[in-house]
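[1] Need a 3D model of the sequence below.
(one chain, ligands or ions: 1)
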Amino acid sequence: MKLLSNFAASSHRLTDLQLLRDADVRTAGALLAACPVMLADAGEIVSDAHRPRLTIVLRGALAVQADGEAPGRAPTVTAKILPGESVGEQSVLDDEPDPAILTALEPSELLLVGADVAWRLIEEADGVARNLLRLLSFRIRAANVQLRRRQKLGEFYRQLSMNDGLTGLHNRAWLNDMLPRLLGTARQTDRPLSIVMLDIDHFKRFNDRYGHPQGDQALRMAAQVLACALRPTDYAVRYGGEEMMVILPDTCGSVAALVAQRLCERVRQAAVFTDGTPLPHITASFGVASLAPGQDEQALIATADAALYRAKSAGRDRVEVDGSAAASIPPAASAA
Ligand SMILES: Nc1nc2c(ncn2[C@@H]2O[C@H](COP(=O)(O)OP(=O)(O)OP(=O)(O)O)[C@@H](O)[C@H]2O)c(=O)[nH]1
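    Numbers count the residues shown, from 1 in each chain. Take a look at the predicted model:
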């Protein structure tokens with residue numbers, strides 16, 4: 001930066017400065033008179049990493065870049081400071097150098113006010129403290145809005161990472177996070193919890209015969225059946241490939257078997273359409289298990305999987321519950 005003059009010798013007016021709006025300009029003028037007015041070239045870094053100070057833009061513009069950027073990453077511009085505006089108030093109040101990086105966006109004239117003068121302005125020039133409070137309050141509100149936006153965005157991406165892209169159901173990451181918690185709640189409240197594992201029947205044949213996109217459509221349809229048939233307190237998860245899981249909190253095995261039977265019928269009855277053309281109906285096999293004392297999530301899933309395997313072996317398109325064949329639905333005409 002190049003020294004142009006002190007503020008008293010410059011042509012800039014105090015009343016154009018945001019911090020001095022409606023303030024005691026006579027006192028402020030006397031305090032600022034000796035402060036240097038500097039000329040910064042476009043792209044020049046003008047921040048002082050060693051001392052707290054107020055930088056007031058008289059002409060041109062400054063970019064403020066947050067500190068702590070990862071090396072090699074393009075820094076993020078968090079604010080643009082225009083003529084009349086200032087930066088560094090927080091550093092003066094904290095008596096710490098400003099960690100932000102200030103860069104001139106164009107040839108700029110800057111008034112540099114050291115922390116000692118800035119404090120005298122606050123204490124001696126009426127109106128400066130009020131303007132400073134207004135400014136800081138505005139910045140806090142703007143920072144809060146930005147924070148809320150980031151939180152919402154973070155939540156959006158978190159949700160996205162917890163959902164299966166094809167079916168919209170919860171995914172395995174969600175299951176790994178949530179199932180232990182749901183089991184914990186069931187144990188703490190001494191309430192039952194059941195799960196249903198389901199697997200589309202002869203899905204390989206369906207894919208081979210009608211094509212993978214049509215198979216995808218069948219998976220979406222099955223997911224929709226689950227989403228529509230369950231209570232708001234139940235959860236549907238895409239467990240893997242063509243296998244899905246339903247979690248039924250507060251539900252004993254016999255009720256879970258009825259739910260599974262209802263799902264089995266609805267999957268069988270639902271039509272799969274591609275481009276408006278109906279394809280043969282699909283079926284699915286279901287295994288039901290209820291949380292037993294001392295059982296963890298792995299054991300619970302293994303029990304439901306074993307029941308599902310039995311439903312497959314018994315002819316598919318049916319429901320099997322825990323160890324016993326508690327429910328069985330006769331197979332209907334299917335694509336296979
Ligand atoms: N279209 C489609 N197919 C999938 C997807 N994920 C898994 N599959 C297919 O699902 C089929 C599963 O086949 P298998 O495990 O042999 O089981 P199946 O043919 O359903 O036979 P059973 O389970 O014994 O009734 C495989 O061909 C996979 O490619 C998917 O996202 N989309």
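[2] what about the residue of the stretch 151-300 of the chain at minimum distance from the ligand, how many residues close to it?
    When scored by C-beta to the nearest ligand atom, the stretch 151-300 of the chain has G215 as its residue closest to the ligand, at 2.6 Å. Every C-beta, even on glycine, is put in place using the N, C-alpha and C of the backbone. Here the number of neighbours of G215 (other C-beta atoms under 10 Å) works out to 21.
[3] how about the residues of the stretch 151-300 of the chain that lie near the ligand?
    Applying C-beta under 6 Å from any ligand atom, we find that the stretch 151-300 of the chain lies next to the ligand at 166, 199-205, 207, 212, 215-216, 219, 241-242.
[4] again, only using 5 Å
    Neighbours of the ligand within the stretch 151-300 of the chain, by C-beta under 5 Å from any ligand atom: 201-204, 207, 212, 215-216, 241-242.
[5] need these in CSV with distance to S313, pLDDT and secondary structure, can you?
    Putting those into CSV (distance: C-beta to C-beta, whole Å; pLDDT from 0 to 100; DSSP: H, G, I helix; E, B strand; the rest coil) gives the following:
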residue, distance to S313, pLDDT, secondary structure
D201, 12, 98, coil
H202, 14, 97, coil
F203, 17, 97, helix
K204, 17, 97, helix
N207, 22, 96, helix
H212, 27, 94, helix
G215, 23, 95, helix
D216, 27, 95, helix
G241, 19, 95, coil
E242, 17, 96, coil
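[6] quick one: which of these has the most company?
    Among those, the one with the most neighbours (other C-beta under 10 Å) is D201, at 24 neighbours.
[7] ok, and the closest non-adjacent residue to that one?
    R316 (4.2 Å; C-beta to C-beta, 6 or more residues apart in numbering).
[8] Where does pLDDT dip in the stretch 1-150 of the chain?
    67-77 (pLDDT under 70).
[9] Of all the residues in it, which one is nearest the ligand?
    Checked against the ligand (C-beta to the nearest ligand atom), the nearest residue in the stretch 1-150 of the chain is R150, 32.8 Å away.
[10] That residue in helix, strand or coil?
    Under DSSP: H, G, I helix; E, B strand; the rest coil, the three-state class of R150 is helix.
[11] Count the residues that sit near it.
    Neighbour count for R150, taken as other C-beta under 10 Å: 10.
[12] R139 versus that one, what's the distance?
    Computed with C-beta to C-beta, to the nearest Å, the distance linking R150 and R139 is 16 Å.
[13] same question, L132
    Per C-beta to C-beta, L132 is found 11 Å from R139.
[14] quick one: which of these two has more around it?
    A direct count of neighbours by other C-beta under 10 Å for L132 and R139 places L132 higher, at 21 against 13.
[15] List the contacts of that one.
    With contacts defined as C-beta atoms under 8 Å, 6 or more residues apart in numbering, L132 is in contact with 19, 89, 122.
[16] Same question for I282.
    Counted by C-beta under 8 Å, 6+ apart, I282 has contacts 200-201, 203, 206, 218, 221-222, 267-268, 272, 334-335.
[17] one step back: surely the residue of the stretch 151-300 of the chain closest to the ligand meets R205?
    No: checked against C-beta atoms under 8 Å, the pair G215 and R205 is beyond contact range at 10.0 Å.
[18] My reading is that A186 lies in a helix. Confirm?
    Yes: under three-state DSSP, A186 falls within a helix.
[19] How many residues are close by it?
    18.
[20] what pLDDT does it get?
    Looking at A186, its pLDDT is 96.
[21] ok, the spatially closest residue to it that is not a sequence neighbour - how many residues close by?
    Nearest residue to A186, sequence neighbours excluded (C-beta to C-beta, 6+ apart): L193, at 3.9 Å. Per other C-beta under 10 Å, the neighbour tally for L193 reads 22.
[22] and L58, backbone torsions?
    phi -100, psi -30 (degrees, to the nearest 10).
[23] Please name the nearest non-neighbouring residue to it.
    E109 (4.3 Å).
[24] The one you found should be in a strand, yeah?
    Yes: using three-state DSSP, the assignment for E109 is a strand.
[25] Which members of the contacts of L132 are positioned in helices?
    If you go by DSSP state H, these have 89, 122 in helices.
[26] What's the ChimeraX syntax to select whichever of the contacts of L132 are buried?
    Buried members of the contacts of L132, defined by 16 or more other C-beta atoms under 10 Å, are picked up in ChimeraX with:
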select :19,89,122
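[27] Save the contacts of L132 as CSV, and put in distance to the ligand too.
    Output for these, formatted as CSV (distance: C-beta to the nearest ligand atom, whole Å):
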residue, distance to the ligand
L19, 61
E89, 56
I122, 65
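[28] Good, wrapping up.
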